[in-house]
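S.K.: What shape does this take:
(2 chains)
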Amino acid sequence: DAGITQSPRHKVTETGTPVTLRCHQTENHRYMYWYRQDPGHGLRLIHYSYGVKDTDKGEVSDGYSVSRSKTEDFLLTLESATSSQTSVYFCAISESGGRTETQYFGPGTRLLVL
Amino acid sequence: GENVEQHPSTLSVQEGDSAVIKCTYSDSASNYFPWYKQELGKGPQLIIDIRSNVGEKKDQRIAVTLNKTAKHFSLHITETQPEDSAVYFCAASILISNDMRFGAGTRLTVKP
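M.R.: The predicted structure is shown next:
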């Protein structure tokens, strides 16, 4: 998985609780992305980062925040989890970003919000 | 908004047969089209990609074709094997948002 790890790999939480997912890369790539994967929707971009402390919103950013304090780590936070955020979350990286750069994906985190 | 449509959603073939998955896109400025394979419990893995300056690209049993005029591109897998069974995703780059849009996926089953 291109030097990408995600933690935790599985999580069960209750509605209203905060949740933080971590993505760690060893490739020193500049761009990092968070996607969610749901049946019938493929992969949808939540947020992405183009450098330390530089982030921007994706297609489905409502209810999510991100932070990147180091090149290798990108955190996704659900401030108050809802059942609609039950999903599989994937982190991806690309060397120089942009729409024509290949993205490499991590193994995913399966999140269940009860 | 920009959209990528993928068909079929499920595909079942006999081992040794060919499989074709098709995608259409709406952004005429799209110029990068990757294909990913996702096995159960794993993240998507890039298997082949094509850029708009070529119409076809092959890598062993896998090929991708691109028709920019019609705004569609296809994945072709020949001599399918049971280990080709997986979910396949297409994607297309989007100019206005500087990112990619993914198709909904095709679940390919290769029967031995």
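S.K.: Can you list the low-confidence ranges for chain A?
M.R.: Per-residue confidence for chain A (pLDDT under 70) gives these ranges: A:1-2, A:97-100.
S.K.: hmm, the helix or strand harbouring A:Ser67 in reach of chain B?
M.R.: Using DSSP states H and E, A:Ser67 sits in strand A:64-70. No: if you take C-beta under 8 Å from any C-beta of the partner chain as the test, strand A:64-70 misses chain B, and the best it gets is 14.5 Å. Every C-beta, even on glycine, is put in place using the N, C-alpha and C of the backbone.
S.K.: in chain A, which spans are strands?
M.R.: A:4-7, A:10-13, A:19-25, A:31-38, A:42-51, A:54-57, A:64-70, A:73-78, A:87-94, A:104-105, A:109-113 (DSSP state E).
S.K.: Packing partners of the shortest one?
M.R.: I take that to be strand A:104-105. For strand A:104-105, the elements it packs on are strand A:87-94, judged by 3 or more C-beta pairs under 8 Å, 6 or more residues apart in numbering or on different chains; DSSP states H and E.
S.K.: how about the strand it packs on as CSV, C-alpha atoms only?
M.R.: Backbone C-alpha positions of strand A:87-94 (Å, rounded to 0.1, in the frame of the first residue of the first chain) are rendered in CSV as follows:
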residue,chain,number,x,y,z
SER,A,87,-18.4,4.3,6.1
VAL,A,88,-15.0,3.0,5.0
TYR,A,89,-12.5,5.8,5.0
PHE,A,90,-9.4,5.7,2.8
CYS,A,91,-6.3,7.9,2.9
ALA,A,92,-4.4,8.5,-0.3
ILE,A,93,-1.2,10.2,-1.3
SER,A,94,0.3,11.7,-4.4
